[in-house]
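Engineer: kindly generate the corresponding structure for this input.
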Amino acid sequence: MPLVIPYPAIDPIALQLGPISVKWYGIAYLAGLVLGWLYIKQLLRTERLWPSGKPALEADDIDDLLLWMTLGVVVGGRLGNVLLYHPGYYLKNPLEIFALWHGGMSFHGGLIGSVLAIWLFARRRKVATLTVGDLCAAAVPIGIFFGRIANFINAEIVGRPSNVPWAMVFPGAGPVPRHPSQLYEAGL
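Structural biologist: Take a look at the predicted model:
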C-alpha cells in the first residue's frame, strides 16, 4: 500500500449547546459571508478602484447586499440540492426542504441564487449589475476557502485516487487513497 496521510476524522459538529448543534459547515457559511462583506466594504473605501473616486454604492448598501447574498446562497443552494440531487426524496417529504440543519446544499444552486440576488439587488438600487457582480466576485474566494475546508472536515467532494504521499483514505470513499482535492481548492 502506498504511503498515505491518515484522514484526521474531525467531528462535523464544532460545538454542542444542549439540543443545538453548531456545525463547521454553518460556521464556514457565516465566516465566508461576513468576511466577504467586510472585504467589499474595504473595496468601497479604496478610492483608486473607482474611476470618479466615488464608489457606485454606499457602505449601507453593502449591509443590504449581505442580506440579499445570504438569501441567494442559502435558498439557491438548498433548492439546487433539492432539484438536482434528491427530487424524489423531497417530493415524498416536502417539509424536509426547510430542514437546513439536516444538510444538503448545492454549489451550483448557490451560484444561481447568488447571480439572481445580485441582479435583483442591482436593479432595485439602480446600479450596474456588473458593478455589484465585480464586488461580489472579489469576495467569492473567501467563501470558497471556508466552504472547501468544511467539505474536508465532512469528508465530502473527495478527489481522484492517487499514489502521492499526501493522499488520504477518506471515510465512505472506499480503501483507496485519494487526493484531498477540497484542500487544493481551498488553497486556490
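
Engineer: what bits of the chain have low per-residue confidence?
Structural biologist: 1-2 (pLDDT under 70).

Engineer: just want the most central residue of it.
Structural biologist: In the chain, the centroid-proximal residue (CA atoms, centre = their mean) is G147; its distance is 4.5 Å.

Engineer: I20 versus the closest residue to it other than its chain neighbours, what's the distance?
Structural biologist: The shortest distance from G147 to any non-neighbouring residue, by CB to CB, 6 or more residues apart in numbering, is to A28 (5.4 Å). Quick note: C-beta positions are derived from backbone N, CA and C, even for glycine. In this view, A28 and I20 are 17 Å apart by CB to CB, to the nearest Å.

Engineer: okay, the two: which has more neighbours?
Structural biologist: Relative neighbour count places A28 above the other of A28 and I20, with 22 against 9, counting by other CB atoms under 10 Å.

Engineer: doesn't I149 make contact with the more buried one?
Structural biologist: Yes: with contact defined as CB atoms under 8 Å, A28 reaches I149; the gap is 6.3 Å.

Engineer: for D60, see how far away the residue nearest to G147 is.
Structural biologist: Relative to D60, A28 is positioned 27 Å away (CB to CB).

Engineer: tell me the SS of P171?
Structural biologist: Of the three states, P171 takes coil under DSSP: H, G, I helix; E, B strand; the rest coil.

Engineer: tally of neighbours for L100?
Structural biologist: Using other CB under 10 Å, L100 is surrounded by 15 other residues.

Engineer: quick one: the strands in this protein?
Structural biologist: For the chain, strands defined by DSSP state E occupy the ranges 13-17, 20-23.

Engineer: now for those, which one comes closest to P175?
Structural biologist: Closest to P175 of the strands of the chain, according to CB to CB: strand 13-17, at 26.1 Å.

Engineer: pull out the buried residues from the closest one.
Structural biologist: Buried residues in strand 13-17, defined by neighbour count with 16 or more other CB atoms under 10 Å: A14.

Engineer: can you put the strands of the chain in TSV and add distance to K41?
Structural biologist: Converted to TSV, the strands of the chain look like this (distance: least, CB to CB, whole Å):
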stretch	distance to K41
strand 13-17	26
strand 20-23	26
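
Engineer: closest one to P165 among these?
Structural biologist: Among these, strand 13-17 comes nearest to P165, with 29.3 Å by CB to CB.

Engineer: how far is that closest one from where the chain is centred?
Structural biologist: Strand 13-17 has its C-alpha centroid displaced from the chain centroid by 20 Å (CA atoms, centre = their mean, to the nearest Å).

Engineer: strands paired with that strand, and their directions?
Structural biologist: Paired neighbours of strand 13-17 in the sheet (DSSP bridges): strand 20-23 (antiparallel).

Engineer: which parts of the partner strand are buried?
Structural biologist: Residues K23 are the ones in strand 20-23 that count as buried (16+ other CB under 10 Å).
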